[in-house]
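Asks: My questions are about this predicted structure, shown below with the sequence.
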Amino acid sequence: NAGVTQTPKFRILKIGQSMTLQCTQDMNHNYMYWYRQDPGMGLKLIYYSVGAGITDKGEVPNGYNVSRSTTEDFPLRLELAAPSQTSVYFCASSVGTASNQPQHFGDGTRLSIL
Amino acid sequence: LAKTTQPISMDSYEGQEVNITCSHNNIATNDYITWYQQFPSQGPRFIIQGYKTKVTNEVASLFIPADRKSSTLSLPRVSLSDTAVYYCLVGDFSAGGGNKLTFGTGTQLKVEL
């Protein structure tokens, strides 16, 4: 099992450009999450999904969009990149609610907006 | 939304027991307490989870007092490889409930020889 795989690992964008961060998991987990982590800070939840076709906002959703067409994939879309979106992005999944099930994290995508 | 407070940093030596305490004064009835470990350039990794009293697994113990307003992660006999950031996560994450997960800023543990 590969677990949670994120691509790309690094990316530099210009202000106003768009891109999609990919996340896929091979554990058949229902729950998937996107977080961002700014330098020296904890993780903040952007969006989450409790199953295919179902998504909801987290703490910091502005400037991002998600979709969940399959159980395995949960891409994160940045439409108009802004310098404030420079961060490390982590995707995670869990078999059930993160309340009482561990989250499995990918290794992150490091994104710089210049 | 439960807010967590942890020490910013801790120092220890190899072979010692390390206890990291997390304060979560407004924890809700349904909230669980989860601890994660994060190494540089990696995603967080699950360590342990509990609701009340004491939980132990092969790598750590979690102590939760009766009022559940705090919790303590105990790492027995740490080694250099335990140098990492440790996060306490408190939340009741249910579908349709929005974001009820709170990662704090974490505790940077440094283990020396």
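Replies: Done, it's in.
Asks: so where's the chain uncertain?
Replies: Using chain A here. A:1 (pLDDT under 70).
Asks: Sorry, I should have been clearer: chain B.
Replies: Applying pLDDT under 70 to chain B flags residues B:1-2, B:92-102.
Asks: Measure how far stretch A:20-28 is from the centre of its chain, please.
Replies: Distance of stretch A:20-28 from its chain centroid, counting by CA atoms, centre = their mean, to the nearest Å, is 9 Å.
Asks: go on, stretch A:12-31?
Replies: For stretch A:12-31, the distance to the chain centre is 6 Å (CA atoms, centre = their mean).
Asks: Check stretch B:83-94 too.
Replies: Relative to its chain's centre, stretch B:83-94 lies at 6 Å (CA atoms, centre = their mean).
Asks: got the contact list for the residue most central in space within chain A?
Replies: Nearest to the centroid of the C-alpha atoms of chain A, with distances taken as CA atoms, centre = their mean, sits A:Trp34, at 2.9 Å. For A:Trp34, the contact set (CB atoms under 8 Å, 6 or more residues apart in numbering or on different chains) comprises A:21, A:23, A:45-48, A:58, A:64, A:66, A:74, A:76, A:89-92. For glycine as for every other residue, the C-beta is placed from the backbone atoms N, C-alpha and C.
Asks: same thing but 6 Å
Replies: The contact partners of A:Trp34, by CB atoms under 6 Å, 6 or more residues apart in numbering or on different chains, come to A:Ile46, A:Tyr47, A:Leu76, A:Cys91.
Asks: Flag every buried residue along the helix or strand hosting B:Lys110.
Replies: Element membership for B:Lys110 (DSSP states H and E) is strand B:107-112. Neighbour-count burial for strand B:107-112, counted by 16 or more other CB atoms under 10 Å in any protein chain shown, picks out B:Thr107, B:Gln108, B:Leu109, B:Val111.
Asks: Looking at the residues you listed, spot the one nearest chain A.
Replies: B:Gln108 (9.4 Å; CB to the nearest CB).
Asks: which residues in the chain form strands?
Replies: Since you didn't name a chain, this refers to chain A. Residue ranges of the strands in chain A, as given by DSSP state E, are A:4-7, A:10-13, A:19-25, A:31-37, A:43-51, A:54-57, A:64-66, A:76-78, A:87-94, A:104-105, A:109-113.
Asks: not quite, I wanted chain B
Replies: Using DSSP E, the strands of chain B run over B:9-13, B:18-23, B:32-38, B:45-50, B:53-56, B:61-64, B:70-75, B:84-91, B:101-103, B:107-112.
Asks: Report the beta-bridge partners for B:Ile48.
Replies: B:Trp35 (DSSP bridges).
Asks: List the contacts of it.
Replies: B:Trp35, B:Val55, B:Asn57, B:Ala60, B:Leu62.
Asks: Not counting sequence-adjacent ones, nearest residue to the third one?
Replies: Just to be clear, that refers to B:Asn57. Setting aside the residues directly before and after it, B:Asn57 is nearest to B:Ile48 in space (CB to CB, 6 or more residues apart in numbering or on different chains), at 5.6 Å.
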